[in-house]
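Participant: Got a predicted structure here, sequence first:
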Amino acid sequence: MTHALYPAIIILQDGKKYKGWTLLQSTIAFGEVVFNTGMTGYQEIMTDPSYEGQIMTFTYPEIGNTGINNNDNESKKIHVKGIIAKNFCFHSSNWRQQQNFINYIIDNNVPHIFGIDTRDLTKHLRNTGVMNGCISSKSLNFNELNSTLDTTATMQGNDLVNKVTTIKQYTFNDYYNKYNSYLKYKTDSKFGYGLKVILIDFGVKYQILSRLFNYGCSIDVLPAHTSYEEIKSHNPDGIILSNGPGDPSVVQYAIKTVKKIIEFTNIPIFGICMGHQILSLALGAETFKLRFGHRGLNHPSGIKQKIEVTSQNHGFAVQKQSLYPNNIYTTYLNLNDSTIAAIFHKKKPVFSVQYHPEASPGPHDSDYLFKDFIYLIKKFKQHKNH
């Protein structure tokens, strides 16, 4: 089947522009233009709620080779505002494929542009920092698009958690657990049996829930606005603070709630990505916006002689200097730029990581953290009972 191609343009806020092609005759999207260096995982990236409000540049030269399947989605819908690629694969092939990639982006009306030099775009974003941009085939008028671009909200100061958090509480079970997880064979399904875990949803990826579920935990997912009293009424054995999009410093409702949980209880807490930032802010630290963020599958994280290769996706980080008066111990650094990658509290059963232990996509070096979290819960339950 042949597809018609239409001229398209991408314009950045600083005036940089690229011309390419799209499969949608009339499309337009505004958002923060970022890049991901992963060689795989385009489906997971497109459906990851952490990418809400962003236009994704894929640095891998051809996207779509393995098609789309029903198991690798990280949420119920596509969250990226648009996608940028050097080339699309028009004849994808894989034993797990259930839909062609080209049909997928057309059917879901995903704004996109391909046929541009993504190497040049990525270098530009690294040198100048990520910024807002626009993909358009609806209009190719630079001045018209640029005037709208000037009024587009920036990521800094933007609460996007409100857009992606669950509207109402739900229990994660076999209905949601669609993954035929490749890590399932390594997982003792009885290890977390009988433990009740609450997950505060800032934009959770399904695979985080799946990993806990496969250990046998009972998981209730609560909206980001859930109050301290409501969380306490669930009598949880442990709490997960999930990943999510936007500026963590403006999610004050969650920061205040987490602060109360830490202050008035000894419930073990595990923060992931946005959850790591929310936890750090609740402990009195500060966050800042990175120049071009960490988005990829091969970020080395560690300290001293220990290193793990980690999957990362974030545009904000915890200010290192703000940690030290707050009883917080830094366990890992991002070894590319020495930003904070993992912390734990010296007196409370709380810890967090600025990367994705569930990967999906990415390496599984850090998957043990889910088991460590369950082990921590068990230890504190024993302490409470005695």
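Facilitator: Sure thing, it's come through. Computed from a predicted model, the values in this text were never measured in an experiment.
Participant: where's Gly41 relative to Asp201, distance?
Facilitator: 22 Å (C-beta to C-beta, to the nearest Å). Placement of C-beta: from N, CA and C, glycine included.
Participant: Compare the two and say which is more crowded by neighbours.
Facilitator: Neighbour totals were compared for Gly41 and Asp201, and Asp201 leads with 25 against 21 (other C-beta atoms under 10 Å).
Participant: Verify the contact between the more buried one and Ile219 for me.
Facilitator: No. In this structure, Asp201 is not within contact of Ile219 by C-beta atoms under 8 Å, at 10.9 Å.
Participant: Got the domain ranges for this protein?
Facilitator: The record's domain parsing of the chain by automatic domain parsing lists 6-149, 161-385.
Participant: would you list those domains in JSON lines and tack on mean pLDDT?
Facilitator: JSON lines is the format used below for these (pLDDT from 0 to 100):
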{"stretch": "domain 6-149", "mean pLDDT": "96"}
{"stretch": "domain 161-385", "mean pLDDT": "93"}
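Participant: Of all those domains, which one is nearest Met155?
Facilitator: Proximity to Met155 (C-beta to C-beta) singles out domain 6-149 among the domains of the chain, at 4.9 Å.
Participant: Now do the closest one: distance to the chain's middle.
Facilitator: Averaging C-alpha positions (C-alpha atoms, centre = their mean, to the nearest Å) puts domain 6-149 17 Å from its chain's average.
Participant: Stretch 161-172 too?
Facilitator: Between the centre of stretch 161-172 and the centre of its chain there are 15 Å (C-alpha atoms, centre = their mean).
Participant: which outside residues touch it?
Facilitator: Applying C-beta atoms under 8 Å, 6 or more residues apart in numbering, the external contacts of stretch 161-172 come out as 49, 52-53, 75, 79, 176, 199, 201-203, 209, 212-213, 218-226, 244-246, 251, 254, 274.
Participant: Can you list which of these are found in strands?
Facilitator: Within the contacts of stretch 161-172, residues falling in strands by DSSP state E are 199, 201, 218-223.
Participant: Quick one: the strands in the stretch 251-386 of the chain, in order.
Facilitator: With strands called from DSSP state E, counting those that start in this stretch, the stretch 251-386 of the chain shows them at 269-272, 287-303, 306-318, 328-334, 340-345, 350-353.
Participant: ok, now which ones touch Ala153?
Facilitator: By C-beta under 8 Å, 6+ apart, the contact set of Ala153 is empty.
Participant: Could you check how far it is from Val164?
Facilitator: Remark: distance between Ala153 and Val164 (C-beta to C-beta) = 15 Å.
Participant: start to end distance for stretch 333-347?
Facilitator: 21 Å (C-alpha to C-alpha, to the nearest Å).
Participant: scratch that, stretch 357-373 is what I was asking about
Facilitator: End-to-end distance for stretch 357-373: 12 Å, by C-alpha to C-alpha.
Participant: Residue numbering should commence at 644 henceforth.
Facilitator: All right, first residue 644 from here; so that's stretch 1000-1016.
Participant: Report the buried residues of it.
Facilitator: When burial is assessed from 16 or more other C-beta atoms under 10 Å, stretch 1000-1016 yields the following buried residues: 1000-1005, 1007-1010, 1012-1014, 1016.
Participant: Same check on stretch 944-962?
Facilitator: By 16+ other C-beta under 10 Å, the buried positions in stretch 944-962 come out as 944-945, 951-961.
Participant: As CSV, the residues you listed with distance to Asn743 would be great.
Facilitator: As requested, the buried residues of stretch 944-962 are exported to CSV (distance: C-beta to C-beta, whole Å):
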residue, distance to Asn743
Ser944, 36
Gly945, 40
Glu951, 36
Val952, 31
Thr953, 32
Ser954, 26
Gln955, 30
Asn956, 26
His957, 31
Gly958, 31
Phe959, 36
Ala960, 38
Val961, 41
